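Student: mind looking at a prediction? Sequence and model below.
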Amino acid sequence: MSNLQTRILAAMIYFPLLMLTAYDTQIFALAMSLCLGIAWHEYLSFRDFPNSLKEWIKHFSRILLGVMPTLLVALGYSMMLGFAVIAFAFQILVIISLSRRGNLKAVSEEMGFKTLGFVYLTGLFSLLVETQKECGPQPIWFLFLIVGAADSGAYFAGRAFGKSPFFQNISPKKTLEGFMGGVVSGVLAAALFREVFSYYGHPIPSMAGCLVLGFFLSSVSAFGDLFESMLKRHYGVKDSGRLIPGHGGVLDRFDAAMFAAVPLFFYVIVRGGFR
């Protein structure tokens with residue numbers, strides 16, 4: 001079986017399951033907590049893979065702290081309680097780092113990697129959960145459809161027409177033609193989403209709103225992919241993991257959706273919902 005066939009088969013299994021979880025807030029939060037926990041494991045393993053029982057305990061403690069906001073939503077509690085726990089842990093870590101090292105440069109180096117993880121992973125996954133909690137499944141379906149279409153469009157357009165470099169110092173296979181193909185595919189998917197879901201009476205934005213949102217989500221998603229590529233290049237990693245056949249790890253699959261969650265969240269906040 002070719003790599004492309006493996007990618008398609010894996011997507012046919014995990015994508016519908018992912019879409020189905022968006023029906024219920026607690027189930028979706030639980031699914032995102034599982035994905036976030038695996039993403040934290042992959043992220044932490046970029047730098048240090050645990051090799052002893054003591055290291056594994058510390059590793060899982062960091063993962064548990066990272067998934068706290070979304071996990072608490074899955075258990076029926078407030079997401080803010082999870083962020084309060086993270087803030088408290090952050091203060092404890094500062095105190096420990098200061099007592100051990102005693103200068104700002106050393107403390108910054110110690111804290112930088114973990115802080116980036118909380119912003120990049122916990123923060124962006126939490127936006128997905130909060131969007132579903134406030135607006136229901138429709139914006140989540142929209143996001144995953146747009147990101148999936150943009151990813152596929154970029155892949156095929158890049159293979160067929162790719163010539164012009166596009167951040168190839170970060171990801172050698174990226175081309176401007178692939179990026180444009182991804183954006184066009186995302187916008188077309190947004191138009192299709194509008195037609196299908198409005199036909200069945202779902203509360204969704206106007207055609208103009210869907211097209212504009214589709215453009216921004218598909219554009220931003222490409223930079224989410226590039227950012228993760230930059231992380232992997234920095235730490236000398238090819239794939240974040242091997243969990244999903246043909247796709248790599250959870251970070252390899254969610255990097256684009258995580259970045260796209262930001263403009264989607266701003267849209268629903270400004271508009272007062274997905275409308």
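Tutor: Yep, that arrived.
Student: mind listing what Leu72 touches?
Tutor: Listed by C-beta atoms under 8 Å, 6 or more residues apart in numbering, the contact set of Leu72 reads Ser78, Met79, Leu81, Gly82. Every C-beta, even on glycine, is put in place using the N, C-alpha and C of the backbone.
Student: closest to Ile27 among the residues you listed?
Tutor: Nearest to Ile27 out of the contacts of Leu72 is Met79 (C-beta to C-beta; 15.7 Å).
Student: how close does that closest one get to Leu20?
Tutor: 22 Å (C-beta to C-beta, to the nearest Å).
Student: mind naming the longest helix for the protein?
Tutor: Using DSSP state H, we find that the single longest helix of the chain is helix 207-235.
Student: which other helices and strands contact it?
Tutor: helix 25-47, helix 138-161, helix 176-199, helix 250-271 (3 or more C-beta pairs under 8 Å, 6 or more residues apart in numbering; DSSP states H and E).
Student: between those helices, which one is closest to Phe60.
Tutor: Nearest to Phe60, of those and by C-beta to C-beta, is helix 25-47 at 8.6 Å.
Student: which residues does the closest one contact?
Tutor: 18, 21-22, 59, 62-64, 66-67, 70-71, 73-76, 113, 117, 120-122, 125, 128-129, 132-133, 137, 140, 231-232, 235, 237, 240-241, 243, 249-251, 254.
Student: for stretch 254-264, same thing?
Tutor: Under C-beta under 8 Å, 6+ apart, the answer for stretch 254-264 is 35, 39, 120-121, 124-125, 127-128, 131, 139, 142-144, 146-147, 150-151, 213, 216-218, 220-225, 227-228.
Student: ditto for stretch 131-146
Tutor: 15, 18-19, 22-23, 25, 28-29, 73, 128, 186, 189-190, 193, 197, 202-204, 210, 213-214, 217-218, 221, 257, 260-261, 264-265, 268, 273-274.
Student: tell me how far that stretch is from the chain's mean position?
Tutor: Centroid separation for stretch 131-146 versus its chain: 13 Å, with C-alpha atoms, centre = their mean, to the nearest Å.
Student: can you check stretch 189-196 too?
Tutor: That offset, for stretch 189-196, works out to 22 Å (C-alpha atoms, centre = their mean).
Student: and it, what's its mean pLDDT?
Tutor: For stretch 189-196, mean pLDDT is 94.
Student: what do you get for stretch 254-265?
Tutor: According to the model, stretch 254-265 has a mean pLDDT of 94.
Student: what about dumping the CA coordinates of that stretch to PDB?
Tutor: What follows is stretch 254-265, C-alpha atoms only, in PDB (Å, rounded to 0.1, in the frame of the first residue of the first chain):
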ATOM      1  CA  PHE A 254      -3.500  19.100  14.500                       C
ATOM      2  CA  ASP A 255      -0.800  21.800  13.800                       C
ATOM      3  CA  ALA A 256      -2.900  23.400  11.100                       C
ATOM      4  CA  ALA A 257      -6.200  23.200  13.000                       C
ATOM      5  CA  MET A 258      -4.600  24.600  16.200                       C
ATOM      6  CA  PHE A 259      -3.600  27.800  14.300                       C
ATOM      7  CA  ALA A 260      -6.900  28.000  12.500                       C
ATOM      8  CA  ALA A 261      -8.700  27.900  15.900                       C
ATOM      9  CA  VAL A 262      -7.600  31.400  16.600                       C
ATOM     10  CA  PRO A 263      -9.300  33.300  13.800                       C
ATOM     11  CA  LEU A 264     -12.400  31.100  14.200                       C
ATOM     12  CA  PHE A 265     -12.600  31.900  17.900                       C
END
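Student: picking up where we left off before, in the longest helix of the chain, what's buried?
Tutor: 209-229, 231-232 (16 or more other C-beta atoms under 10 Å).
Student: show the buried residues in the contacts of stretch 131-146.
Tutor: 18, 22, 25, 28-29, 73, 128, 186, 189-190, 193, 197, 202, 204, 210, 213-214, 217-218, 221, 257, 260-261, 264-265, 268, 274.
Student: for the closest residue to Phe161 other than its chain neighbours, grab the count of nearby residues.
Tutor: Distances taken as C-beta to C-beta, 6 or more residues apart in numbering place Glu177 nearest to Phe161, at 4.3 Å, with adjacent residues excluded. Residues contacting Glu177 under the criterion other C-beta atoms under 10 Å number 18.
Student: give me the low-pLDDT residue ranges for the chain?
Tutor: Applying pLDDT under 70 to the chain flags residues 1-14, 101-104, 106-107, 109-110, 239, 241-248.
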